[in-house]
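Any chance you can model this:
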Amino acid sequence: MFGYVTVCKNALSEQGLKTFKAYYCGLCKAIGKRCSQSARLGLSYDITFLAIVLSSVCKKEISMKDKKCVLHPIRENICVENDTALNYAADMGVILTYLKLLDDWNDDKSIKALFSMLLFANGVRKAKKHYPREYENIRKCLDELSRLEKNNCKEIDETADCFARILEILFTPDFIEDKDTKRILAWLGYNTGRWIYIIDAYNDLEKDVKKNDYNTFKAKYEDKNAQEIKDTIREDLYTSMTFTLENAASAYNLLEIYKNKEVLDNIMYIALKAKQKSILGESNESL
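Numbers count the residues shown, from 1 in each chain. Next up, the predicted model:
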């Protein structure tokens, strides 16, 4: 994943930061246990956010335990364990990472993607066995996104919609049984996915222009260089992405949150806006 959805550490209490790290480390452990040790390389903040959201709308209390970490062998890290949402997020993270690598290999014959796929092969077999329907639905969305990219799609709304629907799938697991909660989670996931795709396209623009890789903005403004494109789209994009974040926050406000509210409030109301500002800069409209 992309790593754009994380906390603003300076605005979190010590307990809040401890909770976020416990989910992050617990997710890493869950990937290793459920899928494979090498699949832990796909650990991301975005999937950690998925785990926290889904865990927080379930009434069951979480269990935390100090565990050894291969990267920090001297000290133990506290980890969330045996949590349905965390285990689900572990599988989804592996599936999404593998399918994205497969897409990169099919599109560009990327050797890097091919070798990375080998690291995830065993893990994705297990994750696919756990969630075959989700695997197929995500694959179909990525296939559609790949088709748009091959056709040099110039409309950000079309490409962003494909990725947004992937997040909508991830945010609506079967273990969430309440229909209203599931509908709200779908809207939260969709808007979060749309925001991630667009901010990533903007952030990668210089790299994509330099390497001549596909980028929706590059396709639409093919007669401009990267800086000219950014200057052209920044204000309208800031407005559009702010509206998308407001949609996500509106959905979040409707959820019944049973735990981790400080962490989720931090992400939804502070961290995402801060990340957007750091990448796009301050909008003139907000000055």
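
residue farthest from the centroid of this structure?
In the chain, the residue that sits farthest from the middle, by Cα atoms, centre = their mean, is residue 223; the gap is 31.4 Å.

Which of the three states applies to that residue?
Following DSSP: H, G, I helix; E, B strand; the rest coil, we place residue 223 in the coil state.

What distance do you get for it to residue 232?
Between residue 223 and residue 232 the distance is 11 Å, computed by Cβ to Cβ, to the nearest Å. C-beta: built from backbone N, CA, C; applies to glycine.

show me where this protein has strands.
63-68, 76-81 (DSSP state E).

how about the helices in the stretch 1-150 of the chain?
Secondary structure of the stretch 1-150 of the chain (DSSP state H, counting those that start in this stretch): helices at 14-34, 45-56, 84-108, 111-130, 132-150.

and the third one, how far out from the chain's middle?
Which is helix 84-108. Centroid separation for helix 84-108 versus its chain: 11 Å, with Cα atoms, centre = their mean, to the nearest Å.

what's the answer for the second one, then?
Counting by Cα atoms, centre = their mean, helix 45-56 is centred 9 Å from the centre of its parent chain.

got the contact list for residue 166?
Shown in contact with residue 166 (Cβ atoms under 8 Å, 6 or more residues apart in numbering): 96, 138, 141, 142, 193.

looking at the strands of the chain, which is buried most?
When these are scored by mean count of other Cβ atoms under 10 Å, the highest mean neighbour count falls to strand 76-81 (a mean of 19).

elements contacting that one?
In terms of contacts (3 or more Cβ pairs under 8 Å, 6 or more residues apart in numbering; DSSP states H and E), strand 76-81 is packed against helix 14-34, strand 63-68.

quick one: strands adjacent to the last one?
Spelled out, that is strand 63-68. Strand pairing for strand 63-68, using DSSP bridges, gives strand 76-81 (antiparallel).

Contacts for the strand it pairs with next, please.
Applying Cβ under 8 Å, 6+ apart, the contact partners of strand 76-81 are 18, 21-23, 25-30, 51, 55, 62-69, 86.

Let's see that with 10 Å instead.
Residues outside strand 76-81 that contact it (Cβ atoms under 10 Å, 6 or more residues apart in numbering) are 18-19, 21-30, 33, 51-52, 55, 62-69, 71, 86-87, 260.

now do stretch 149-161
Residues from elsewhere that reach stretch 149-161, judged by Cβ under 10 Å, 6+ apart: 103, 106-107, 141, 144-145, 147-148, 162, 164, 168, 190, 193-198, 200-202, 213-222, 233, 237, 240, 244.

of those, buried ones?
Buried members of these, scored by 16 or more other Cβ atoms under 10 Å, are 103, 141, 144-145, 148, 162, 164, 168, 190, 193-198, 200-202, 214-221, 233, 237, 240, 244.

gap between stretch 153-165 and the chain center?
15 Å.

Pull out the buried positions in it.
Residues 153, 156, 159, 160, 161, 162, 163, 164, 165 are the ones in stretch 153-165 that count as buried (16+ other Cβ under 10 Å).

okay if I get those as JSON lines plus distance to residue 118 and pLDDT?
Shown next, in JSON lines, are those (distance: Cβ to Cβ, whole Å; pLDDT from 0 to 100):
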{"residue": "153", "distance to residue 118": "30", "pLDDT": "97"}
{"residue": "156", "distance to residue 118": "33", "pLDDT": "96"}
{"residue": "159", "distance to residue 118": "28", "pLDDT": "96"}
{"residue": "160", "distance to residue 118": "30", "pLDDT": "97"}
{"residue": "161", "distance to residue 118": "31", "pLDDT": "97"}
{"residue": "162", "distance to residue 118": "26", "pLDDT": "95"}
{"residue": "163", "distance to residue 118": "25", "pLDDT": "95"}
{"residue": "164", "distance to residue 118": "30", "pLDDT": "97"}
{"residue": "165", "distance to residue 118": "28", "pLDDT": "97"}
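
give me the number of residues near residue 52?
26 (other Cβ atoms under 10 Å).

Sorry, slip of the keys, the one I care about is residue 149.
Applying other Cβ under 10 Å, we find 18 residues neighbouring residue 149.

give the contact list for residue 12.
For residue 12, the contacting residues are 18, 19, 20, 262, 263, 265, 266, 267, 270, 271, by Cβ under 10 Å, 6+ apart.
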